[in-house]
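Enquirer: Take this sequence and fold it.
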Amino acid sequence: MSFARIVRLSTPLMVVAGFLAACGEQQAPAAGAAPPPPQVSVAKPVQKSVTERDEYVGRFVAFDYVEVRARVSGYLEKIHFKDGQLVKQGDPLFTIDPRPFKAAVAQAKASIEQAKANRAFAESDLKRGESLRAGTTITQQALDQRMQASRVSAAAVTAQQAALEQAELDLSFTELTAPISGRIGDRRVSVGNLVSGGASGSTTLLATIASIDPIRFEFTMDEASYLRYLRIAGGEASAAADRGMKLPVQLKLIDEDTFSHEGKIDFVDNAIDRSSGTIRGRALFANADSKLTPGMFGRIQIATSAPVAALLVPDAAIATEQVRKFVYVLDADNVARPKYVKLGQLVDGLRVVEGLEPNDTIIVNGLMRVRPGVKVTPENVEVETGNTRAASSIRTN
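Expert: Numbers count the residues shown, from 1 in each chain. Modelled structure (predicted):
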């Protein structure tokens, strides 16, 4: 290759090399410059009126629950309700074939008439004997026998009257009515089946009825909480049936986000369970819409203090240093400084904290980009709560 050819090829390469060298000289200072301050989201602590509450899990039970059982034996003739419907006290439910019981009533009435006739004859015979005794034409033994016959006939009338009352009672038991108002379950026996009644334990279960409004909620509290409630109630109030625990209670179901049902405690058991160290409590709730159902689970809150002012922050704003908790607070120069806090309970999606001031500006998002003493670029955001009602400090049991 000629010398002129080599010169022509090397000239463009030298131009490119010079251009790259110039770019490197321009970028070198940028690579050594300090990075910009990290961007973080900041907000003020949320101020709310907080009521300390204890929280328990429990189950609904019916205020009244009745098993409808046959009281006399016979063939089931009619069913007067639809499965699951609402019934009122006194509504007809079942009819057992009444014909054998009507016959028993008629027989008892006839027996009474026979007993009355025997009593009338015995009484008149006794009167004749007493008149003959005046003339000494009858022995004392014969007179005593007539007196005994009169008493036996009178007792027979009383016995037959009792038999008639029992027969009429059995006849009334053939028409079963609702003993309480509430929702009836499904029928346990179909028409045409023989049902067993009587006082034995083998009576036939026909259906069940559970009252609806009001409804009870049963839960268990630990011994320490029980003692604390007694102290809140006071010594004199603790002698009442509810131990003076007239504390407001609120409830939510498993598919609800807020404690929207209001109720009151109406019963506390008379002994602490030795095996678990807990005592049973019961609250009463209105249930006009029949939504609350016996056997359903729920969570209940019991207010244990008067409302107090508190500061709340998102859980995402809380960092951990070994066993201590802290949040980053910005100073006047937007420098992040750790501030140690004491955590409370979770309320409406926010955490109750102690150790902050209402005017503190805290970092709520971007903690992974922050170190103590680092200057940041803040962006103000609004902290949202789970709901708008008054907050509650909750201790879960």
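Enquirer: quick one: contacts of stretch 297-310?
Expert: Stretch 297-310 is contacted from outside by 47-60, 217, 219, 228-229, 232, 247-254, 259, 263, 265, 283, 292, 344, 352, 390-394, using Cβ atoms under 8 Å, 6 or more residues apart in numbering. From N, CA and C alone the C-beta is placed, and that goes for glycine too.
Enquirer: quick one: average confidence on it?
Expert: Here stretch 297-310 scores 83 as its mean pLDDT.
Enquirer: Can you check the distance spanned by it, start to finish?
Expert: End-to-end distance for stretch 297-310, by Cα to Cα, to the nearest Å: 31 Å.
Enquirer: For ChimeraX, write the select line for the buried members of the contacts of stretch 297-310.
Expert: Filtering the contacts of stretch 297-310 down to the buried ones (16 or more other Cβ atoms under 10 Å) takes a single ChimeraX command:
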select :48,50,51,52,53,54,55,56,58,60,217,219,229,232,247,249,250,251,252,253,259,263,265,283,292,344,352,391,392,393,394
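Enquirer: Mind checking which of the contacts of stretch 297-310 land in helices?
Expert: Among these, the ones falling in helices (DSSP state H) are 228-229, 232.
Enquirer: what separates the residue lying closest to residue 232 once chain neighbours are set aside from residue 334, distance-wise?
Expert: Spatially, and ignoring its direct neighbours in sequence, residue 232 is nearest to residue 304 (6.5 Å; Cβ to Cβ, 6 or more residues apart in numbering). According to Cβ to Cβ, to the nearest Å, residue 304 and residue 334 sit 41 Å apart.
Enquirer: ditto for residue 117
Expert: According to Cβ to Cβ, residue 117 and residue 334 sit 114 Å apart.
Enquirer: Same question for residue 68.
Expert: Applying Cβ to Cβ, the value for residue 68 to residue 334 is 74 Å.
Enquirer: Which residue of these two possesses the greater neighbour count?
Expert: Ranked by neighbour count (other Cβ atoms under 10 Å), residue 68 and residue 334 place residue 68 first, with 21 against 15.
Enquirer: Okay, and that one sits in which element?
Expert: Using DSSP states H and E, residue 68 sits in strand 65-69.
Enquirer: Just give the strands next to that strand in its sheet, each with its orientation.
Expert: The pairing partners recorded for strand 65-69 under DSSP bridges are strand 205-210 (antiparallel).
Enquirer: show me the contacts for residue 282.
Expert: 216-219, 265-268.
Enquirer: contacting residues for the nearest residue to residue 147 once chain neighbours are set aside?
Expert: Distances taken as Cβ to Cβ, 6+ apart place residue 126 nearest to residue 147, at 5.7 Å, with adjacent residues excluded. Residue 126 sits next to 143, 146-147, 149-150 when contact means Cβ under 8 Å, 6+ apart.
Enquirer: Let me have those residues in TSV, extended by neighbour count, distance to residue 277 and secondary structure.
Expert: Listed next are the contacts of residue 126 as TSV, based on neighbours: other Cβ atoms under 10 Å; distance: Cβ to Cβ, whole Å; DSSP: H, G, I helix; E, B strand; the rest coil:
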residue	neighbour count	distance to residue 277	secondary structure
143	16	78	helix
146	20	76	helix
147	15	72	helix
149	18	72	helix
150	21	70	helix
